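Asks: Here is my input, please return the structure:
(2 chains)
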Amino acid sequence: SAVISQKPSRDICQRGTSLTIQCQVDSQVTMMFWYRQQPGQSLTLIATANQGSEATYESGFVIDKFPISRPNLTFSTLTVSNMSPEDSSIYLCSVEGGQGYTDTQYFGPGTRLTVL
Amino acid sequence: SQQGEEDPQALSIQEGENATMNCSYKTSINNLQWYRQNSGRGLVHLILIRSNEREKHSGRLRVTLDTSKKSSSLLITASRAADTASYFCATETSGSARQLTFGSGTQLTVLP
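Replies: Sure, this is the predicted structure:
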């Protein structure tokens, strides 16, 4: 299985600022995904991060608000821009399991964001 | 919007009892995966069942899939206090390029 780390693990930010979340995987993977989990809720897919091309965003999420980078096959960043209290959530990245486990998705530990 | 609905929303049982959680979904799927989440931390992958499979076991876990009813169940046998967590089903929809759609989750509490 893939081992995934995220930075930061948590942060408290002021309204109007931006935060960049990093996701690092211990092996090369084709597809990486970013999810949001609002307090007490389930997970919602924000976007699919593809290496060498622009991210694909789900309905309700836009690049200006959640810009994503995917510079190589082991790393991605998600930026939450111009934050408001409604952006307070846990943000999680996930990847496919890689060779032999291509159907399985593994998740990072998440970044808990609180916006004041 | 969420594709899957899970029931019950919350379940409280005594240690040693079995826990059953159900998941329903709306569209054709490639596979269905169950995850556990402890207190808002990361998700732990439990088990994956493909659309052509009907039942799968892993340790104390048993998952069934009924594609005609678009439903799945997760059974945890001989529960332990450490099983206390939120459990989510997630479906990979046919043609979705590996994206997962999550159910609403079941909060399981196992009392010692």
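
Asks: Could you use CA atoms for every contact and neighbour count after this?
Replies: Fine.

Asks: can you tell me which residue is nearest the centre of chain A?
Replies: Nearest to the mean C-alpha position of chain A, by C-alpha atoms, centre = their mean, lies A:Trp34 at 3.3 Å.

Asks: Could you report the distance from it to chain B?
Replies: 10 Å (C-alpha to the nearest C-alpha, to the nearest Å).

Asks: count of residues packed around the closest residue to A:Ile90 other than its chain neighbours?
Replies: Distances taken as C-alpha to C-alpha, 6 or more residues apart in numbering or on different chains place A:Arg112 nearest to A:Ile90, at 4.4 Å, with adjacent residues excluded. Per other C-alpha atoms under 10 Å in any protein chain shown, the neighbour tally for A:Arg112 reads 21.

Asks: what comes up buried for the lowest-mean-pLDDT helix or strand in chain B?
Replies: Lowest mean confidence among the helices and strands of chain B (mean pLDDT, DSSP states H and E): strand B:5-7, at a mean of 86. Within strand B:5-7, the residues scored as buried using 16 or more other C-alpha atoms under 10 Å in any protein chain shown are B:5-7.

Asks: circling back: which SSE is the residue nearest to the centre of chain A in?
Replies: According to DSSP states H and E, A:Trp34 maps onto strand A:31-37.

Asks: Sort out which residues of the helix or strand just after that strand are buried, please.
Replies: Sequence-wise, the next helix or strand downstream of strand A:31-37 (DSSP H and E) is strand A:43-50. For strand A:43-50, the neighbour count (16+ other C-alpha under 10 Å) marks A:43-50 as buried.

Asks: same question, stretch A:21-36
Replies: Neighbour-count burial for stretch A:21-36 flags A:21-25, A:28-36 (criterion: 16+ other C-alpha under 10 Å).
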